[in-house]
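K.L.:
sequence first, then the predicted structure, then my questions.
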Amino acid sequence: MSSPSASSSSSSSSSSSFEYIDAGANLLDSMYRGTYHSKTFHEPDLDVVMRRAYDTGVRKVIGLAGTIDESERLLDLMSDLDSGATTTTTQDDAGGEDGGASRRVLVFGTVGVHPTRCVEAFAEEGRTTTTTSNYGADGESPSTTSWIPKTEHQTRGVIQRLIDVANRGKESGRVVAIGECGLDYARVQFCSKEVQRIGLLAQLDVARVTDLPLYLHNRESGDDLYDILSGYDAGSRGRGLRGVVHSFDESIEIANKFLSLGLYIGINGCSLKTAENIETMKSLPLDRMILETDCPWCDIRPTHAGWGYVRTSFPTMKEKRYTRELGREYCVKNRTEPCHVAQVAEVVAGVRGIDVEEVVRVCGRNVHDLFGSLERKR
């Protein structure tokens, strides 16, 4: 597929006429605290990141959680953002009667356990075995830890804790989905398929009880995830299966399976890497598509098939040179932010030959159809 060359003349302000929703952001990631690969380079700058998001036109963000503890921390972060404890306003904003609250990005969130983290919630460490035939470079024999699924009673306790956290956030309007849950067969070194499936089934119970949609993760597991979800029973509420398969990067055949269940498909930079990805995205119905960044991951790079359609650019610098002050003008290289949802929208629009405004409008409506009004409850 041919594509036009990328523009280098536009900037973050070029998209501010649109009201974007970033439907997937890992705001708790250590990169927003200045730490990369366990090494700290700069001060926390989430407030700078969220200010840039607002200036780009982002009005709402759905933050993602990967463990129960992260789910609780995300609730705390949302409360801090609402109260201004983590400010997202500029000096010009702060002088208004509302202290800049009207210019603040509203953040919502999920409650759940990522498939690669399910060992932390749904399994216990078993016997450690040592292999004597192949020694490591340090002269020590490699060891393998087996994980034993928790008992049914223990699992019910985990489910109840998830329900309690989700309901607490749901009451305030902050929690809008259960997840990120699902299957990840690309990284079974972190969690076995067996434990991942146990975790997914448990979180289907949580979604059923809380009546919240699912925020689903899928990596190289589309057929199995489809089979499990096909048997989902939403219970007596009669609302059926609701959710989004986020960061989608599989084939159109797998996408159609999920669409047949009434699910939405989440599109970000990882969905736009290859020519096949682009063709898959182009084939999806726009009214079943949701835009996200999965930041700080899934950036759109010059080597990616979708790059030629990007019109909004953000100056970048490496994390070792970056400071909060410089963050007013620069993003960290290869660290995505909610503002980059503008680029995702531009690629979707360019590939499909439609206006960015239409993409933002329809995909924003999809978010509200799935997750609700995305408003705080008093």
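P.N.:
Received, thanks. Residues are numbered from 1 along each chain as shown.

K.L.:
next one: the top strand by length along the chain to chain centre, how far?
P.N.:
Using DSSP state E to define each element, the chain has its longest strand at strand 175-184. Chain-centre distance of strand 175-184: 9 Å, with C-alpha atoms, centre = their mean, to the nearest Å.

K.L.:
before we move on, what about stretch 198-206?
P.N.:
When distances are taken as C-alpha atoms, centre = their mean, stretch 198-206 is centred 19 Å away from the chain's centroid.

K.L.:
then that stretch to PDB, C-alphas only?
P.N.:
Taking C-alpha atoms only, stretch 198-206 is exported to PDB below (Å, rounded to 0.1, in the frame of the first residue of the first chain):
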ATOM      1  CA  ILE A 198      -8.300 -18.700  35.400                       C
ATOM      2  CA  GLY A 199      -7.800 -15.000  35.800                       C
ATOM      3  CA  LEU A 200      -9.900 -14.100  32.800                       C
ATOM      4  CA  LEU A 201     -12.800 -16.300  33.900                       C
ATOM      5  CA  ALA A 202     -12.700 -14.700  37.400                       C
ATOM      6  CA  GLN A 203     -12.800 -11.300  35.900                       C
ATOM      7  CA  LEU A 204     -15.800 -12.200  33.800                       C
ATOM      8  CA  ASP A 205     -17.500 -12.900  37.100                       C
ATOM      9  CA  VAL A 206     -16.500  -9.400  38.300                       C
END
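
K.L.:
how many residues are close by residue 311?
P.N.:
Per other C-beta atoms under 10 Å, the neighbour tally for residue 311 reads 20. Any C-beta I mention is one placed from the backbone N, CA and C, and that applies to glycine too.

K.L.:
after the longest strand of the chain, which helix or strand is next? Please name it.
P.N.:
Scanning forward in sequence from strand 175-184 by DSSP states H and E, the next helix or strand is helix 193-210.

K.L.:
strands along the stretch 101-250 of the chain, start to end?
P.N.:
Taking DSSP state E, counting those that start in this stretch as the criterion, the stretch 101-250 of the chain carries its strands at 106-111, 123-130, 143-149, 175-184, 214-219, 243-245.

K.L.:
could you give the mean pLDDT of the fourth one?
P.N.:
Just to be clear, that refers to strand 175-184. The pLDDT scores in strand 175-184 average 99.

K.L.:
adjacent strands (with direction) for it?
P.N.:
Strand 175-184 pairs in its sheet with strand 106-111 (parallel), strand 214-219 (parallel), by DSSP bridges.

K.L.:
could you dump those strands into TSV with mean pLDDT, distance to residue 231 and mean neighbour count added?
P.N.:
Listed next are the strands paired with strand 175-184 as TSV, based on pLDDT from 0 to 100; distance: least, C-beta to C-beta, whole Å; neighbours: other C-beta atoms under 10 Å:
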stretch	mean pLDDT	distance to residue 231	mean neighbour count
strand 106-111	98	22	26
strand 214-219	98	14	26
